[in-house]
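*Asks:* no sequence on hand, only this structure:
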């Protein structure tokens with residue numbers, strides 16, 4: 001029912017910092033949009049994948065989830081309403097702002113805001129990334145996002161049983177890692193909606209910005225290495241060193257963003273065939289690397 005992670009919308013008090021960071025460090029492409037006071041960022045033919053709106057704080061406003069067509073969109077809305085979730089139709093003005101044909105608003109059980117939509121507008125002008133890298137998007141969406149889910153079972157049910165996400169993997173970690181009680185264990189659930197291993201992660205930790213990180217996937221390892229050089233040259237904190245994940249096999253690193261949450265910059269993730277995939281619990285997040293830096 002859900003095709004892919006289509007866009008992310010943020011509020012930020014640091015619009016100029018985000019503009020420089022996104023274009024000069026991440027290699028995204030600034031573009032124009034309906035609002036003159038907002039920052040719109042491209043990475044492929046979609047008119048924009050990231051929107052930053054000026055505000056008083058830095059937080060995730062919405063995850064945008066693309067339905068493949070009108071029938072699928074209406075099916076998603078019907079399933080949400082049948083499950084007792086309040087769905088608000090998007091206005092014509094909002095559709096113009098997001099550059100989609102139609103959208104609907106809903107909150108997950110932990111208050112994370114979703115925008116379900118279909119028929120995004122494409123921009124066929126060449127995407128000339130700042131550093132010549134190619135982002136892997138196409139039918140896989142912009143990447144993935146990990147959000148807060150204090151009541152993780154409620155969110156897990158919402159995404160898998162109502163929206164049709166597929167459970168790909170899980171991991172447990174000490175709650176004390178993020179200030180929780182000693183001896184308790186918390187879950188991370190990895191969910192997919194297309195062959196990308198996961199488009200969504202649910203993390204059983206409260207997060208001030210509602211987001212732990214978003215991930216961008218490069219075509220080449222050299223693009224990741226050059227990205228790491230740019231972070232280091234600008235003395236932007238690299239919070240987890242280069243490493244290879246045990247679940248999606250991606251080689252990546254994690255670094256700070258102007259918003260206080262993280263970005264994962266990686267390459268080489270596997271593609272999942274749901275006909276043969278079996279859910280597993282991983283016990284380490286990396287085969288090597290991904291060391292935490294103070």
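*Replies:* Alright, I've got the coordinates. Since this is a predicted model, take the numbers as computed values, not measurements.

*Asks:* where in the protein is pLDDT low?
*Replies:* The chain contains residues with pLDDT under 70 at 294.

*Asks:* for the closest residue to residue 219 other than its chain neighbours, which residues are in contact?
*Replies:* Excluding its sequence neighbours, the residue lying closest to residue 219 (CB to CB, 6 or more residues apart in numbering) is residue 134, at 4.3 Å. (Glycine included, C-beta is placed from N, CA and C.) Applying CB atoms under 8 Å, 6 or more residues apart in numbering to residue 134 gives the contacts 218-220, 223.

*Asks:* so how far is residue 90 from residue 134?
*Replies:* Relative to residue 90, residue 134 is positioned 31 Å away (CB to CB, to the nearest Å).

*Asks:* with residue 109 instead?
*Replies:* Residue 109 sits 21 Å away from residue 90, going by CB to CB.

*Asks:* spatially central residue in the protein, please.
*Replies:* By CA atoms, centre = their mean, the chain has its centre lying nearest to residue 145, at 2.4 Å.

*Asks:* secondary structure element for residue 232, which one?
*Replies:* helix 221-233 (DSSP states H and E).

*Asks:* next, the buried residues of that helix.
*Replies:* Across helix 221-233, burial judged by 16 or more other CB atoms under 10 Å covers 223-224, 227-228, 230-231.

*Asks:* please apply the same query to stretch 50-66.
*Replies:* Neighbour counts using 16+ other CB under 10 Å place 50-52, 58-66 of stretch 50-66 among the buried residues.

*Asks:* now for the residues you listed: which two are most distant?
*Replies:* Using CB to CB, the pair of the buried residues of stretch 50-66 lying farthest apart is 58 and 66, separated by 24.8 Å.

*Asks:* what's the closest non-adjacent residue to the residue nearest to the centre of the chain?
*Replies:* residue 214 (4.7 Å).

*Asks:* tell me the bridge partners for that neighbour.
*Replies:* residue 145, residue 263 (DSSP bridges).

*Asks:* domain assignment for this structure?
*Replies:* 4-118, 138-289 (automatic domain parsing).

*Asks:* as CSV, these with distance to residue 124 would be great.
*Replies:* Formatted as CSV, those follow (distance: least, CB to CB, whole Å):
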stretch, distance to residue 124
domain 4-118, 6
domain 138-289, 15
